[in-house]
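Quick one, what's the 3D model for this:
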Amino acid sequence: MPTTPTDVLTAYPARYCAAWSQRDLAEALDVVSADVHWVDPLLPEPFSGHEGATGFFQGAWQGFPDIAFELLGEPLVDAANSRVSAEWRMTGTHTGEFPPGAPISGNSFSVVGSDTWEVGQDGRAVSVHAHYDTLTLLRAIGLA
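Reported below is the predicted structural model:
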């Protein structure tokens, strides 16, 4: 299996963070493969594909219309396995319903975490594994 070029891997975290921050679904879906496998600690189970990614992006944007990701430091590249990891700070304000049925708090949050992505040769993630303290996020928005 061919590996993804190092420059594509190194650039990926910035593309991913920009996709979250700009709130255009087509552009956001363009950074993940059609059969992406996504694991996020806030979700009850992983999801796969653009359908799941669409729901995740739209739900997060609805709940946190100002959600933004800022990269912290340089990405760590594992070129032999077409993987890259990066630390980020996620910020936003809970002004919409997310998760479904949760009361809107109006509270702001700032959470540090990291993602590890396996990136295909086309520059799209085939897997996303998010790592952050969900309790910190839930406390900040008043749900824990």
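
what number of residues lie near residue 7?
For residue 7, the count of nearby residues is 10 (other C-beta atoms under 10 Å). For glycine as for every other residue, the C-beta is placed from the backbone atoms N, C-alpha and C.

So it: helix, strand or coil?
Assigned by DSSP: H, G, I helix; E, B strand; the rest coil, the conformation of residue 7 is helix.

hmm, who's touching stretch 113-125?
With contact meaning C-beta atoms under 8 Å, 6 or more residues apart in numbering, stretch 113-125 is reached by 2, 4-5, 8-9, 12-13, 15-16, 30-33, 36, 81-88, 90, 126-133.

which residues of the protein score low on pLDDT?
Filtered on pLDDT under 70, the chain yields the residue ranges 1.

now with 90?
Within the chain, the segments meeting pLDDT under 90 span 1-3, 97-103, 143-144.

Tell me where it has strands.
Per DSSP state E, the chain carries strands over the ranges 32-39, 47-48, 68-78, 83-93, 108-119, 125-132.
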